[in-house]
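Trainee: Show me the folded form of this:
(one chain, ligands or ions: 2)
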Amino acid sequence: VVITAIYEGDRLVGFAKVTRDLTEQRAAEIKREEQERLLSERYAELQRALEAKSRFLSTISHEVRTPMAGVIGLTEILSKQDLGRENNETILAIFESSKRLLQMLNNVLDSAKLESGKLILELRRFPVRSVLGDVRQIIARDACAKGLKVTGRCEDCLPEYVYGDESRIRQVLLNLAVNAVKFTQNGWIDISAFLRGQTEAETTIRFVVTDTGVGIPEEMHPVIFQPFEQATPSALCVHGGTGLGLSICTELVKLMHGEIGVISQAGSGSTFWFEVPFIKDSQRI
Ligand SMILES: Nc1ncnc2c1ncn2[C@@H]1O[C@H](COP(=O)(O)OP(=O)(O)OP(=O)(O)O)[C@@H](O)[C@H]1O
Ligand SMILES: [Mg+2]
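Mentor: Ligands and ions are numbered 1, 2, ... in the order given. Coordinates of the predicted model:
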């Protein structure tokens, strides 16, 4: 029963008792409430499953990384002894394979941490130019073995020191540089940094890795930044890898409030870049 006010024009002239059949309306409400309950249950289930998956991946990767570090350390020691050419070659192959395996595990671990939001940035004052030098040095041996030249520069106006997460900047730059070596057969690789913008409190730096390698067709540009995606299905057979590198870079750059992108065409090399705003050294508390 509903009480309704009766008006003549603007004037209230009385009240009336109206009886309405609300059965259908109530049934619709009950149905909607039931659907909402089911939806929130499914969502909670999904969240639990995602968390369990991330936990599982990080536990496995963590547990496997410890013995892997042992294998790598011992094979490195063995590889420095004179055990005959054939044995030394075998040991070197074991050493290289275990390093690749550890790199894959690190990727899986980072991916799981990023997915569960457990990756926390560590902000410190660091010399930004030396990160580029270190990365050039790290890839130099593999690049040299393929006959590739490694070049690069840092724009003069870059600050000496900035305040940010040095190890994550190094990780993203190294990932791009390792890809450049992997997908380039001849020519050069350039690793440079430029000043992109400044405010009173922040300096934005653009890091650029350019190569003269196989290049990437334009329609694949958005795809390669997704987890487990590779530009060509043959990339996996020829070069190995998990296809996680660029997706981790994307998430890390996002976490640092930056941007990442690529300029490339099939057959004419690639330029991968990312930009990150850093707190100016003078602004540090
Ligand atoms: N410099 C490059 N030149 C040509 N193709 C590239 C380059 N960098 C990335 N790609 C393409 O993008 C794909 C995704 O790169 P990503 O780094 O995510 O995976 P990956 O290198 O194949 O494996 P992982 O990094 O896990 O070892 C590569 O498989 C390749 O097809
Ligand atoms: Mg890669």
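
Trainee: C-alpha only now, for contacts and for neighbours.
Mentor: Fine.

Trainee: which ones are touching the closest residue to ligand 2 within the stretch 51-200 of the chain?
Mentor: Closest to ligand 2 within the stretch 51-200 of the chain is residue 179: 4.8 Å, counting by Cα to the ion. For residue 179, the contact set (Cα atoms under 8 Å, 6 or more residues apart in numbering) is empty.

Trainee: now check whichever strand or helix holds it, is it near ligand 1?
Mentor: Assignment of secondary structure by DSSP states H and E places residue 179 within helix 166-182. Yes - judged by Cα under 6 Å from any ligand atom, helix 166-182 and ligand 1 are in contact via 179-180.

Trainee: Go through that helix and flag the buried ones.
Mentor: 166, 168-182 (16 or more other Cα atoms under 10 Å).

Trainee: what do you get for stretch 78-88?
Mentor: Here stretch 78-88 shows 78-79, 88 as buried, counting by 16+ other Cα under 10 Å.

Trainee: same question, stretch 140-157
Mentor: For stretch 140-157, by 16+ other Cα under 10 Å, it's 140, 143, 148, 150, 152, 154.

Trainee: Correct me if wrong: the second one contacts residue 178.
Mentor: No - counting by Cα atoms under 8 Å, residue 143 stays clear of residue 178, with 9.1 Å between them.

Trainee: Next SSE downstream of the helix or strand that contains residue 144?
Mentor: For residue 144, the host element (DSSP H and E) is helix 128-145. Following helix 128-145 in sequence order, the next helix or strand is strand 149-151 (DSSP H and E).

Trainee: Give me the helices and strands touching that following strand, please.
Mentor: Applying 3 or more Cα pairs under 8 Å, 6 or more residues apart in numbering; DSSP states H and E, one finds that strand 149-151 contacts helix 128-145, strand 188-198.

Trainee: same thing but 10 Å
Mentor: helix 128-145, strand 188-198, strand 202-211 (3 or more Cα pairs under 10 Å, 6 or more residues apart in numbering; DSSP states H and E).

Trainee: Most tightly packed of these?
Mentor: A comparison of the helices and strands packed on strand 149-151 by mean neighbour count, using mean count of other Cα atoms under 10 Å, puts strand 202-211 on top with a mean of 22.
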